[in-house]
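**Q** Any chance you could fold what I've pasted below:
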Amino acid sequence: MTTVHLHLLLNHIPILGSIFITVLFIVALIYRNTFLQKVSLWSLVVIALFTAATYLTGNGAEQAVQGLPGVSQDIMHLHKSVAKVGLALMFVTGVIALAGALFYSFKPKLPRLLLVLVLFILLLNSGVFAYIGYLGGQIHHPEIRGSSSQHLSQMY
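**A** Numbering: from 1, shown residues only. Got it, this is the predicted structure:
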C-alpha cells in the first residue's frame, strides 16, 4: 500500500466525518443529550487526527498523478491550497473539541457559548471539506469537470 492508496482511503474520513458529526451534534443539541455531545466531541478529536494523516499523504498522491494525461494541475494546486485551510480549521476544531470533552470531566454540561462555537465550526468544516473533496475528485476525473471548475481554477 502506497501513500496514494492511503490518501484515497483516508480522504473520506474528514469529509463524511464532519457531515456525520454535524448531524449528530445537532441531534444532541435538540435533545440536550450530553452523552451524544461527548461522543461528538471525542469523535471530532479523532477526525482531526485523521485529517492530519490525510493531508500528509497528499504529497505522495500529488507526485503520483503529476504529468498524467487528463490531470488538472490548476485544480490540484487549488485542492492543495484549500486543504491547507481545511487542515488548519480542523486543527482548531480538534483543540476546541478536546477542550470541550475535557470540560465535561469536571462539569455536567458545557457552556452555551461553547456549544454554539462547536456547532458553527462544524457547519464550516462540513462546507470546507465537501469543497476539498469536490476539488480532489476533479483532479483526475475530467468527466466531472464542468466549465465552472475551469473558472474556479482561474480565480486562484
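
**Q** So residue 69, which state does it fall into?
**A** Following DSSP: H, G, I helix; E, B strand; the rest coil, residue 69 is assigned to coil.

**Q** What residues does the nearest residue to residue 135 once chain neighbours are set aside make contact with?
**A** Among residues not flanking residue 135 along the chain, residue 79 sits closest, at 4.0 Å (Cβ to Cβ, 6 or more residues apart in numbering). For the C-beta atoms, the positions are set from N, CA and C on the backbone; glycine is no exception. Neighbouring residues of residue 79 by Cβ atoms under 8 Å, 6 or more residues apart in numbering: 132, 135, 136, 138, 139.

**Q** What subset of the residues you listed is buried?
**A** In the contacts of residue 79, burial by neighbour count holds for 132, 135, 136, 138, 139, counting by 16 or more other Cβ atoms under 10 Å.

**Q** for the third one, what are its contacts?
**A** Think residue 136. Residue 136 touches 11, 79, 83, counting by Cβ under 8 Å, 6+ apart.

**Q** would you turn those into CSV with pLDDT, secondary structure and distance to residue 110?
**A** Shown next, in CSV, are the contacts of residue 136 (pLDDT from 0 to 100; DSSP: H, G, I helix; E, B strand; the rest coil; distance: Cβ to Cβ, whole Å):
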residue, pLDDT, secondary structure, distance to residue 110
11, 96, coil, 30
79, 97, helix, 34
83, 98, helix, 30
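
**Q** could you dump the residues you listed to CSV with distance to residue 70?
**A** Below are the contacts of residue 136 laid out as CSV (distance: Cβ to Cβ, whole Å):
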residue, distance to residue 70
11, 19
79, 15
83, 21
